[in-house]
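K.L.:
Need coordinates for the below:
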Amino acid sequence: MISLLLGATEQAEGSPITAGLPAGSIYLDKPRLIIGGTPMMIPLFQPVMTRVAEDTRADVILARHGFYPEALSPVLWDVAYWYNKSVASVCDYILCETRYGELWLVPPETGPYLRLAADGIHIEVVPDFVSWDERNYGVCQAAKRIRNVAMEGWR
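P.N.:
Numbers count the residues shown, from 1 in each chain. Next up is the predicted model:
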C-alpha cells in the first residue's frame, strides 16, 4: 500500500519514521506526508496518528489492509490531516480512482473527500466525481489497482 501512495505523490522513497506508528511507516518531506500500513483491521492508531501529525506538522495516512495477501480483507484508510490550523481525523475511508487516474480517499457515507496529489492531501467538499455511479466505478478501479500492487509484491 505504501508503494501505491508513493506513486500518487510522485515520490520514489521516504525516510523511516516510527513514533508509535506501524513498522515500515515513512515520512515524505516534500508533501509533508507520513504513510504506513497495518494488518490490524480496527483503527487502533488514531490517537498516535493525531499526535504524530501535531508533532511533525505533517498529514498521516494509514492503510488497514489485513494480513497479506488476504484477498477477502478490505483495505480501509485512516487519515489525520491538517485543516484550519488543527488536526482532524477520519477513519474507514475507501480508495477511489477517478477516470482521470487521480486517487481519492472517500468517506463510507458522509464527510470530506481527500484527493491525493504530488503536493499532499487536498480536502474537497465536492469531488470531481459527483454521482454514486462514478464513485462506485472509481472504488472498483482502485480495488483493481490495490490487487495489482499486492500481486506485484507477492511475486
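
K.L.:
where's Glu97 relative to Gln141, distance?
P.N.:
Relative to Gln141, Glu97 is positioned 4 Å away (CB to CB, to the nearest Å). No exception for glycine: its C-beta is placed from N, CA and C like everyone else's.

K.L.:
which of those two has more neighbours?
P.N.:
Glu97 (20 against 17; other CB atoms under 10 Å).

K.L.:
so the more buried one touches Gly138, yeah?
P.N.:
Yes. With contact defined as CB atoms under 8 Å, Glu97 counts as touching Gly138 (5.2 Å).

K.L.:
Looking at this structure, which strand is longest?
P.N.:
In the chain, assigned by DSSP state E, the strand with the most residues is strand 86-97.

K.L.:
ok, and what's touching the helix or strand just after that strand?
P.N.:
Scanning forward in sequence from strand 86-97 by DSSP states H and E, the next helix or strand is strand 103-106. Contacts to strand 103-106, defined as CB atoms under 8 Å, 6 or more residues apart in numbering, come from residues 4, 8, 61, 77, 79, 90, 93-98, 113-116, 127, 129, 135, 138-139, 142.

K.L.:
Given strand 103-106, what are its sheet partners and their directions?
P.N.:
strand 86-97 (antiparallel), strand 113-117 (antiparallel) (DSSP bridges).

K.L.:
closest to Ile35 out of these?
P.N.:
With CB to CB, the closest approach to Ile35 among those belongs to strand 113-117: 9.8 Å.

K.L.:
immediately after that closest one, which helix or strand?
P.N.:
Scanning forward in sequence from strand 113-117 by DSSP H and E, the next helix or strand is strand 120-124.

K.L.:
Can you tell me the SS state at the residue most central in space within the chain?
P.N.:
Central residue of the chain (CA atoms, centre = their mean): Ile61, 4.6 Å from the mean position. Under DSSP: H, G, I helix; E, B strand; the rest coil, Ile61 falls in the strand class.

K.L.:
who's it bridged to?
P.N.:
Beta-bridge partners, per DSSP bridges, of Ile61: Ile35, Val79.

K.L.:
Please give me every residue in contact with it.
P.N.:
With CB under 8 Å, 6+ apart, Ile61 has these contacts: 5, 33-36, 77-79, 105, 116, 121.

K.L.:
Over to Gly120?
P.N.:
Applying CB under 8 Å, 6+ apart, the residues contacting Gly120 are 9, 31-33, 59.
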